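Chemist: Sequence and predicted structure below; questions after.
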Amino acid sequence: MLTANVDRLRSDYDVVVVGGGPAGMGAALAAKEAGAEKVLMVDREKEAGGILLQCIHPGFGLHHFKEELTGPEYAQRYLEQVLETDIDLATDSYVLDIDKNNRVKLMSGRHGVREIETKAAVLAMGARERTRGAIRTPGKRVSGVLTAGLAQKFVNLMGVLPGNRAVILGSGDIGLIMARRLTLEGVEVVGVYEIMPHANGLNRNIVQCLHDFEIPLHLSTTVVDIHGQDRLEAVTVAPVDGFTPDLSRSQTIPCDTLLLSIGLIPDNELARQLNLRFDPVTRGPLVSSTMETSKNGVFACGNTVHIHDLVDFVSQESELAGHNAGLYVTGQQPPPDNVRLVPGENVGYCVPQTISTDRDHTIYMRVRKPMENCVLRLGDVYEKKIRYVFPAEMVNVKVRPKFLQNFHGDNLRLDVVPQEG
Amino acid sequence: MYYDVVVVGGGVIGCAIARELSRYRIATALIDKESEVGFGTSKANSGIIHGGHHSSPNTLKGKLEWEGNQLWDDLCDELGFGFKRIGELTVALNSDQLPTLDKLQRQGEAKGVPGLERWDRDRIQAEEPHITEEAIAALFAPTTGVINPYEACFGLAENAVANGVALYTDSPVTDLSFDGETWTIQTPDATLHSRFVLNCAGLYADKLAEMAGVRSFSIRPRKGEEYLLDKRLQGFVKRVVFPCPTPVSKGTLVIPTFDGTLMVGPTAEMIDDKEDLTTTAEGGQKVFDFVTRMVPGISPRDCIAEFAGLRAVADGEDFIIGPTAKKGFINVAGIQSPGLTAAPAIATMLADILKDEGLSMEEKEDFVPSVPKPIHFASLSTDEQIALAEKDPSYGRIVCRCEFVSEGEILDAIRRGAKTLDGIKFRTRAGMGRCQGGFCTGRCMELLSRELEIPLTEITKRGGETWVVRSRKEEVASC
């Protein structure tokens, strides 16, 4: 069954899905179900599954499968469904380019360099981690400074450790997960340092990965210098006031490893080559309520569009993208959106960026600052009380036409404001 | 081992000299303290082949700058490294700076640098719309080029070795002695004997001269921090943009690198520590404050990587090239900017000096001037890519997605001598893009491990103690 999926590569497809992580698999399956006959899913690694394959910890699938799975288990559930269909699967393959006539240029160890025609494409390339350069951490150019995701790959896939004594900069989820993972492997984790006054990872990860292992989290603190000649020997940390470090209160910590968990950025080489319109906040392409980008027939989903904290929401969004790609190629796509969503008070961004007042929507958004007892408002047509919001936890809201149809304008504002009284 | 010439230092100067000497029937060795050539100052500079007009014709460096400039085209054809003459603009932001432009133009014209042009505001805006409108005039020099300096080192050394030069890496000189006839050069692993020692030791040229007993100068490092920007800014400026220079530095530049990324820098700061390659918050601030005045659309937010390099500055600021009181010990020292530009001219100069010093230099008939050009898969045409991937499937497999580097290119780099992650990075660009190796480091390590038959734990970033991973603890791993 596996060989049937991976051996065939046609010269034309209805839908080509770029990326075989959770977003790609969800989209490919949904496209098939919606009526696309010839579907190809492309993944650069030897096995589909994406970053989930290195996430061997549990905590996946609570929303989507209603049970707790590890990353590889979550990926396997989807992969098995893909393999039961006649979706073609090009692993060890890379999409170099999609041109304006929807010709996909693919290179692969198995198939060589090939050009393929497609009616629609779904971009599901995921994200990459921000690096030392992105925050311009001063100091020496030593070995031992690496992103948390690379450390995760070393430990979980390659069976080696990044060092003996680690400091973690940034409290993103991968950093928190790796604090626990390294501790379990006998690496001493000195602490997690976060420049913001609040953590950037999920609360459950703070509890399960730091508190349970007595790893300190230092808020409003950052790394201001990196020491060592060849290998990292120490870092200097200092508390910050805003973003300005107070060097008079700095402290030098001996360590041979510095993990960076300072955020993810949508991986969007292809989207840029396609000249899609971008959202400057998400740094991903703008999408409509059908997850279609600014180019007809090109859809996008998952971390390529905006960074998610839970894979379950990636799956949900990707099924929507794949479903609509399927409808697009069978000529059944719904009428275009008629309202633009505008982030207002304490809303950093929202996805999708446009909606239709005639359909149901799930709107995903991220707030700028933590808030308790607040209310989420869509113009004056809908509101929902929320007990608390954090920048680290994506907020989602389902809205129905019965509310939306009361709106008669072009720009619908989203606000998260304190409850009155 | 007995040699006619031992070149100490495998930076671009040592590599260019070794390659030049490999034309002759003499036994030459090139030794370097690092794991690979070009790992010192030569890998961490602005990558500019200067136009020829920046240094005064009355200095040695001024003379060699223009001579060297003209030799790079042939070298590039023969060795296949990245080099392109994109031209430069030296920009005046106020009328006080106009005399500096005049001086540079006269200096260039005196040396015979062709094509220098004075541009007014309109011309600047028409050609480079992202340069500030405050720029009232500029001097355009078409002779300026950009180069991948580390690729030049690798190409020169590879070609030298192919023509018989012995290359010793990881070989710092631990002792140096002279018996009146022959020099003995001791490294941790080898004892070399030679009639001539060429001191191309860069920052440590003063130390080597001291070991030889002929120290007559000091080398102090002048640090330059450089900041690489995201490919989003590709084509933002098309030429190297210089401010009007000051006495100590050509200033902070906006450099469209050979690979299409924009780089801004360097700073110029005299320091004492010859190993101080730190980048600093102040340095970064200075660079961005400065360049945004010339090109306002650049933002620190676009920074993907930063590094620092140390210029080897001798007392008096000029190059120190020539024989010393000890027969056979020849200095090639204080080669700061424009040293990269001057390198090929310095190499031919050294061949002449060796002849003058009595070395019999007979040209080889079988000298091969070129090396097989490294394949850059991403820049081939689709038909070429299809054919190549069919012949060798490893070229169809992408390892570095940011810079589109295939497995075939990485294997080729390892076969050409890459032993470290930096060696792969500087030869292929794998790990140099926006993810800075986040995705491809693991794969590059697996390929190095397989090809060199070493465990992952022995792989280094750039040799020495720059190890990357260690093995799991057995007692933990088994539970």
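Modeler: Right, received. Where do you want to start? Fair warning: this is a prediction, and the values are worked out from it, not measured in the lab. Residues are numbered from 1 along each chain as shown, chains lettered A, B, ... in the order given.

Chemist: Going by residue numbers, what spans are helices in chain B?
Modeler: B:12-21, B:60-69, B:72-79, B:98-111, B:121-127, B:149-162, B:205-212, B:281-294, B:339-356, B:382-391, B:407-415, B:421-428, B:441-452, B:474-477 (DSSP state H).

Chemist: buried stuff in the longest one?
Modeler: To tie it back to what came earlier, the one meant is helix B:339-356. Residues of helix B:339-356 classed as buried by neighbour count (16 or more other Cβ atoms under 10 Å in any protein chain shown): B:339-351, B:353-354. All C-beta atoms are positioned from the backbone trio N, CA, C, and that covers glycine.

Chemist: where in chain B is pLDDT low?
Modeler: Where chain B drops to pLDDT under 70, the residues are B:248, B:474-479.

Chemist: how about a cut-off of 80?
Modeler: Applying pLDDT under 80 to chain B picks out residues B:246-250, B:473-479.

Chemist: What residue spans form the domains of it?
Modeler: For chain B, the structural domains run B:2-42+B:149-218+B:316-356, B:84-144+B:220-314, B:377-458, going by automatic domain parsing.

Chemist: can you put those domains in CSV and add distance to residue A:239?
Modeler: Output for these, formatted as CSV (distance: least, Cβ to Cβ, whole Å):
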stretch, distance to residue A:239
domain B:2-42+B:149-218+B:316-356, 36
domain B:84-144+B:220-314, 16
domain B:377-458, 27
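
Chemist: and the closest residue in space to residue A:131 that isn't next to it in sequence, what is it in contact with?
Modeler: Leaving out its chain neighbours, the residue that sits closest to residue A:131 by Cβ to Cβ, 6 or more residues apart in numbering or on different chains is residue B:436, at 4.1 Å. Contact analysis of residue B:436 by Cβ atoms under 8 Å, 6 or more residues apart in numbering or on different chains lists A:131, A:132, A:133, B:304, B:305.

Chemist: that older thread, need the winner for burial among the helices of chain B.
Modeler: Ranked by mean neighbour count under mean count of other Cβ atoms under 10 Å in any protein chain shown, these are led by helix B:12-21, which reaches a mean of 30.

Chemist: Between helix B:60-69 and that helix, find me the angle.
Modeler: The directions of helix B:12-21 and helix B:60-69 differ by 60 degrees, with axes from the mean of the first three to the mean of the last three Cα atoms, to 10 degrees as the criterion.

Chemist: outside of helix B:12-21, which residues touch it?
Modeler: Contacts to helix B:12-21, defined as Cβ under 8 Å, 6+ apart, come from residues B:5, B:7-8, B:10, B:28, B:30, B:32, B:37-38, B:42, B:149, B:152-153, B:156-157, B:159-160, B:163, B:165, B:198, B:200, B:202, B:332, B:335, B:339-340, B:343-344, B:346-348, B:350-351, B:354.

Chemist: Now do it: distance to the chain's middle.
Modeler: 13 Å (Cα atoms, centre = their mean, to the nearest Å).

Chemist: Stretch A:285-301 too?
Modeler: A distance of 16 Å separates the C-alpha centroid of stretch A:285-301 from that of its chain, computed with Cα atoms, centre = their mean.

Chemist: buried stuff in that stretch?
Modeler: Neighbour counts using 16+ other Cβ under 10 Å place A:285-295, A:297-301 of stretch A:285-301 among the buried residues.

Chemist: Pull the number of nearby residues for the residue in the stretch 1-150 of chain B that chain A sits nearest to.
Modeler: At 8.8 Å from chain A, residue B:44 is the closest residue in the stretch 1-150 of chain B, using Cβ to the nearest Cβ. By other Cβ atoms under 10 Å in any protein chain shown, 23 other residues sit near residue B:44.

Chemist: domain parsing for chain A?
Modeler: According to automatic domain parsing, chain A comprises the domains A:2-128+A:265-329, A:131-262, A:339-418.

Chemist: could those go into JSON lines alongside mean pLDDT?
Modeler: Output for the domains of chain A, formatted as JSON lines (pLDDT from 0 to 100):
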{"stretch": "domain A:2-128+A:265-329", "mean pLDDT": "94"}
{"stretch": "domain A:131-262", "mean pLDDT": "95"}
{"stretch": "domain A:339-418", "mean pLDDT": "95"}
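
Chemist: for those domains, which one sits closest to residue B:449?
Modeler: Set against residue B:449 and scored by Cβ to Cβ, the domains of chain A come closest in domain A:131-262, at 9.7 Å.

Chemist: gap between the nearest residue to residue B:243 once chain neighbours are set aside and chain A?
Modeler: Setting aside the residues directly before and after it, residue B:243 is nearest to residue B:251 in space (Cβ to Cβ, 6+ apart), at 4.0 Å. Note on residue B:251: its distance to chain A, by Cβ to the nearest Cβ, to the nearest Å, is 21 Å.

Chemist: I figured residue B:251 was touching residue B:244, is that so?
Modeler: Yes: under the criterion of Cβ atoms under 8 Å, residue B:251 makes contact with residue B:244 at 7.1 Å.

Chemist: between these two, which one's more packed in?
Modeler: residue B:244 (21 against 18).

Chemist: For that one, list the residues it contacts.
Modeler: B:90, B:91, B:92, B:93, B:97, B:100, B:101, B:251.

Chemist: The residue positioned nearest the centre of chain A - nearest residue in space that isn't next to it in sequence?
Modeler: Among the residues of chain A, the one closest to the centroid is residue A:303, at 2.9 Å (Cα atoms, centre = their mean). Spatial nearest neighbour of residue A:303, excluding adjacent residues (Cβ to Cβ, 6+ apart): residue A:127 at 3.8 Å.

Chemist: What is the neighbour count of that neighbour?
Modeler: With other Cβ under 10 Å as criterion, residue A:127 counts 24.

Chemist: Report the separation between it and residue B:17.
Modeler: Distance of residue A:127 to residue B:17, given as Cβ to Cβ, to the nearest Å: 47 Å.

Chemist: ditto for residue B:36
Modeler: 17 Å.

Chemist: so what's the residue in the stretch 51-200 of chain B that chain A sits nearest to up against?
Modeler: In the stretch 51-200 of chain B, the residue that lies nearest chain A is residue B:170 (12.6 Å; Cβ to the nearest Cβ). Residues in contact with residue B:170, defined by Cβ under 8 Å, 6+ apart, are B:33, B:34, B:35, B:188, B:189, B:463.

Chemist: again, 10 Å this time
Modeler: Residue B:170 makes contact with B:31, B:32, B:33, B:34, B:35, B:36, B:187, B:188, B:189, B:419, B:463, B:464 under the criterion Cβ atoms under 10 Å, 6 or more residues apart in numbering or on different chains.

Chemist: Likewise for residue A:292?
Modeler: Neighbouring residues of residue A:292 by Cβ under 10 Å, 6+ apart: A:120, A:122, A:285-286, A:298-300, A:321, A:324-325, A:328, A:333, A:336-337, A:352, A:354.

Chemist: next one: phi and psi at it?
Modeler: Torsion angles at residue A:292 (phi, psi; degrees, to the nearest 10) stand at phi -90, psi 140.

Chemist: any idea how far chain B is from it?
Modeler: Residue A:292 is 24 Å from chain B, where distance means Cβ to the nearest Cβ.

Chemist: and residue 253, how many residues sit next to it?
Modeler: With no chain named, the answer covers chain A. Residues near residue A:253, counting by other Cβ under 10 Å: 16.

Chemist: please go with chain B instead
Modeler: 23.

Chemist: excluding its backbone neighbours, what's nearest it?
Modeler: Nearest one to residue B:253, counting by Cβ to Cβ, 6+ apart, is residue B:242 at 5.5 Å.
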